[in-house]
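Undergrad: what's the 3D shape of this:
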Amino acid sequence: MTTELLLSPSAVTWVMAGYVLAAGSLMIAGGRIAQAVGYTHAMTLGLVLFGLASAVGGAAGEGWVLIAARVAQGVGAALMTPAAMARLSAAFPDEDRERAYGIFGMIMGSGTAIGLLLGGTLTQFLSWRACMYVNVLFVLVSLIVSFVARDHGVREPTHGRGWWRGVILACGAGLVIQAVTQAGSPLEVALFGTFGVIVLGGFFGLDRNSASPLVPFSLFRNPARRAAYLGLFLWGVATITTFVSASTALQHKHSLDPLIAGVLFLVYPIAIQVGLFLTRCLGTRTEVVHIGVGLAVIGAGQVVYALSEDGLATLIITLALMGVGTSQVMPHANSAMNRDAGTHAGVAGGVGTTLQQLGGSVGLALPVAFATVTAHTTNFAAGITALTLVIGAAVVLWPSKRTTNATKSQETKEQHA
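TA: Next up, the predicted model:
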């Protein structure tokens with residue numbers, strides 16, 4: 001792709017980051033629009049936009065066309081993802097909810113690694129353009145399945161007001177991420193960072209004083225939802241950057257074909273299945289405990305990766321640990337953030353997915369930011385990520401431990417009484 005479209009290193013970064021930024025920063029606005037027009041209609045619109053953008057990206061003859069198509073894919077994802085999660089929440093409100101979100105989290109977590117396998121196969125035997133065109137097939141299948149479902153969510157037209165503030169949020173997030181990627185130029189870092197903070201401050205000021213805020217602060221009063229949001233953000237930081245750097249190492253440093261590199265990534269979805277099986281065998285705990293344990297296991301994978309990112313065995317161990325950790329974080333975080341959200345289900349899911357995608361943007365920017373500090377950017381970024389994940393796991397688990405101890409104490413008092 002780089003050779004055919006004559007892409008600069010900065011353009012290559014935006015081919016990856018353009019989608020992540022658009023999808024992440026517009027997800028909350030997408031959730032609001034989904035509430036206003038109906039989840040089924042919003043999902044359909046997002047799928048159609050994603051399919052059209054994929055077709056344009058596959059036919060791109062210039063780098064800017066491909067980047068624009070990737071951004072358009074992100075916009076489509078911002079519409080369909082919160083709508084899909086809200087439909088799932090409405091379809092399984094009671095006892096089947098945990099199992100449904102377990103399957104949903106497994107698909108989301110495995111999809112990234114399986115996508116690398118499929119991408120490697122298509123690139124090796126056809127062209128990188130096939131990686132874009134194949135999405136059109138997925139969109140057609142999804143539209144058919146969505147139509148057959150025939151579920152009808154309740155529309156809330158008033159919730160569509162103020163969606164434009166989501167665009168301000170997207171611009172602010174984009175400026176901040178761009179500042180992180182300009183580590184070699186202090187002036188650009190200062191300019192992009194300052195403008196980004198100003199724009200984000202303007203968004204929060206407008207949203208806080210609005211009669212219909214884009215991000216209702218009531219969503220953050222639930223401790224389990226706060227843990228879910230933190231878990232999704234840290235999962236994004238660790239996973240996306242590791243997949244990109246590991247894929248590069250397998251193909252360039254180990255001289256493996258794209259297909260073989262993709263096959264090795266199957267360790268990740270297999271480990272997810274192993275983690276889910278162990279959860280069923282050992283018994284379930286609270287969602288918060290699963291999220292905290294999962295973050296700790298992913299952090300352990302990052303420690304292994306930081307010690308030696310070039311070794312083939314190291315990459316396999318890292319992917320295995322991250323898969324087991326993902327099996328704990330994704331299904332339980334997705335369930336916790338949508339539980340008891342009521343009419344804000346679309347926004348609740350949008351906030352979580354926004355944090356997940358923005359975490360991915362931060363993860364992609366970390367190696368670039370450390371490039372001026374050390375030559376071992378991947379190791380350094382993995383080490384910082386590991387430390388962050390361990391701290392995040394402690395933050396998640398500590399309130400859970402206090403709550404459990406308080407509950408046991410109360411039960412003891414009641415027994416004595």
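
Undergrad: so which helix or strand takes in the most centrally placed residue in the chain?
TA: By C-alpha atoms, centre = their mean, the chain has its centre lying nearest to residue 356, at 3.3 Å. Per DSSP states H and E, residue 356 falls inside helix 345-369.

Undergrad: residue 90 too?
TA: helix 63-91.

Undergrad: check contacts around the residue nearest to the centre of the chain.
TA: Residues near residue 356 by C-beta atoms under 8 Å, 6 or more residues apart in numbering: 24, 232, 233, 235, 236. (Each C-beta comes from the backbone N, C-alpha and C, glycine too.)

Undergrad: for residue 196, phi and psi?
TA: Dihedral angles of residue 196 (phi, psi; degrees, to the nearest 10) stand at phi -60, psi -40.

Undergrad: distance check, the residue lying closest to residue 217 once chain neighbours are set aside against residue 215.
TA: Nearest residue to residue 217 in three dimensions, chain neighbours excluded: residue 208, at 7.9 Å (C-beta to C-beta, 6 or more residues apart in numbering). Distance from residue 208 to residue 215, counting by C-beta to C-beta, to the nearest Å: 9 Å.

Undergrad: which of those two has more residues huddled nearby?
TA: residue 215 (24 against 10; other C-beta atoms under 10 Å).

Undergrad: name the SS class of the more buried one, please.
TA: Of the three states, residue 215 takes coil under DSSP: H, G, I helix; E, B strand; the rest coil.

Undergrad: can you check the pLDDT for it?
TA: Note on residue 215: pLDDT of 71.

Undergrad: could you check how far it is from residue 170?
TA: Residue 215 sits 13 Å away from residue 170, going by C-beta to C-beta.

Undergrad: so who does residue 137 touch?
TA: Contacts of residue 137 by C-beta under 8 Å, 6+ apart: none found.

Undergrad: that older thread, from residue 61, how far out is the residue nearest to the centre of the chain?
TA: On the measure of C-beta to C-beta, residue 356 and residue 61 end up 32 Å apart.

Undergrad: same thing with residue 124?
TA: 22 Å.

Undergrad: neighbour count: those two, which is higher?
TA: Applying other C-beta under 10 Å to residue 124 and residue 61 shows that residue 124 carries more neighbours, namely 14 against 8.

Undergrad: quick one: that one and residue 263 touch, right?
TA: No. Contact between residue 124 and residue 263 fails when scored by C-beta atoms under 8 Å: they sit 11.2 Å apart.

Undergrad: where's residue 140, which helix or strand?
TA: Using DSSP H and E, residue 140 falls in helix 128-149.

Undergrad: show the subsequent helix or strand relative to that helix.
TA: helix 165-180.

Undergrad: average pLDDT for the strand or helix carrying residue 124?
TA: Taking DSSP H and E as the definition, residue 124 sits inside helix 97-125. Across helix 97-125, pLDDT averages out at 72.

Undergrad: could you check how far stretch 31-50 is from the centre of its chain?
TA: How far stretch 31-50 lies from its chain's middle: 19 Å, per C-alpha atoms, centre = their mean, to the nearest Å.

Undergrad: endpoint to endpoint, that stretch covers what distance?
TA: 16 Å (C-alpha to C-alpha, to the nearest Å).

Undergrad: on that earlier part again, helices and strands around the helix holding residue 90, which ones?
TA: helix 9-25, helix 27-37, helix 39-58, helix 97-125, helix 128-149, helix 312-338, helix 345-369 (3 or more C-beta pairs under 8 Å, 6 or more residues apart in numbering; DSSP states H and E).

Undergrad: so which of those helices gets nearest residue 257?
TA: Residue 257 lies closest to helix 97-125 among the helices and strands packed on helix 63-91, at 5.8 Å (C-beta to C-beta).

Undergrad: so how far is residue 68 from residue 226?
TA: According to C-beta to C-beta, residue 226 stands 36 Å off from residue 68.

Undergrad: swap in residue 201?
TA: For residue 201, the distance to residue 68 - C-beta to C-beta - is 28 Å.

Undergrad: more neighbours: which of these two?
TA: Just comparing residue 201 and residue 68: by other C-beta under 10 Å the higher neighbour count belongs to residue 68, 16 against 11.

Undergrad: name the element the residue nearest to residue 220 when sequence neighbours are not counted belongs to?
TA: Excluding its sequence neighbours, the residue lying closest to residue 220 (C-beta to C-beta, 6+ apart) is residue 226, at 5.8 Å. Using DSSP H and E, residue 226 maps to helix 223-248.

Undergrad: which of the residues in that helix are buried?
TA: 224-247 (16 or more other C-beta atoms under 10 Å).
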